[in-house]
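S.K.: sequence? don't have it. structure:
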C-alpha cells in the first residue's frame, strides 16, 4: 500500500514488499521531500539512472498499489516504488521559496477544472 505519511517508501520487488525508511540529508525542505530523496538516492545513486530515463514510468496516484505490484509480478516492471503524497505545507513552502518540485511529485487527480472561453466581440 502507499505510505500514508512521508519518511518511508514502499518497494515491491520479486514478489516481496519492503518498507524503507528514508534518511534525512543536509539541505532544506526540498532536498528532504520523499520524491527528491527517491530520485537522488534510489534512482541516481543506487540504480545509476537519470530520473528522466525512459525506462522509468511515473504513475499517478489514481492507480491502486495492487496495479503497481501486479506490473512487477507479471514481469512488465522490475520494481515498484510507492511514495506518500506531498503535503500541502511542503508544496506551498517549496513554491514560496521559488524552488522546483521534483518530477511528478504534484501529480494528483482529479485535476482542477480549467478552460478557455472565446467569444467574438462586436467591432
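M.R.: Received it, and whenever you're ready, just let me know what you need. All values reported here derive from a predicted model rather than from experimental measurement.

S.K.: need the contact list for the most centrally placed residue in the chain.
M.R.: Per Cα atoms, centre = their mean, the C-alpha nearest to the average position across the chain is that of residue 105, at 4.2 Å. Residue 105 sits next to 33, 35-36, 86 when contact means Cβ atoms under 8 Å, 6 or more residues apart in numbering. No exception for glycine: its C-beta is placed from N, CA and C like everyone else's.

S.K.: Output the residues you listed as JSON lines; include the columns secondary structure.
M.R.: What follows is those, written out as JSON lines (DSSP: H, G, I helix; E, B strand; the rest coil):
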{"residue": "33", "secondary structure": "coil"}
{"residue": "35", "secondary structure": "helix"}
{"residue": "36", "secondary structure": "helix"}
{"residue": "86", "secondary structure": "coil"}
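
S.K.: separation between the residue nearest to the centre of the chain and residue 58?
M.R.: 10 Å (Cβ to Cβ, to the nearest Å).

S.K.: could you give the mean pLDDT of stretch 65-77?
M.R.: What stretch 65-77 shows for mean pLDDT is 94.

S.K.: In it, which residues are buried?
M.R.: 68-69, 71-72, 77 (16 or more other Cβ atoms under 10 Å).

S.K.: Of all pairs in those residues, which one is the farthest apart?
M.R.: 69 and 77 (9.4 Å; Cβ to Cβ).

S.K.: Tell me the buried residues in the one helix or strand residue 92 maps to?
M.R.: Using DSSP states H and E, residue 92 maps to helix 88-96. By neighbour count on 16+ other Cβ under 10 Å, the buried set for helix 88-96 is 90, 94.

S.K.: Quick check: which helices or strands does it pack against?
M.R.: Applying 3 or more Cβ pairs under 8 Å, 6 or more residues apart in numbering; DSSP states H and E, we find helix 88-96 packed against no helix or strand.

S.K.: so how far is residue 80 from the residue nearest to the centre of the chain?
M.R.: 17 Å.
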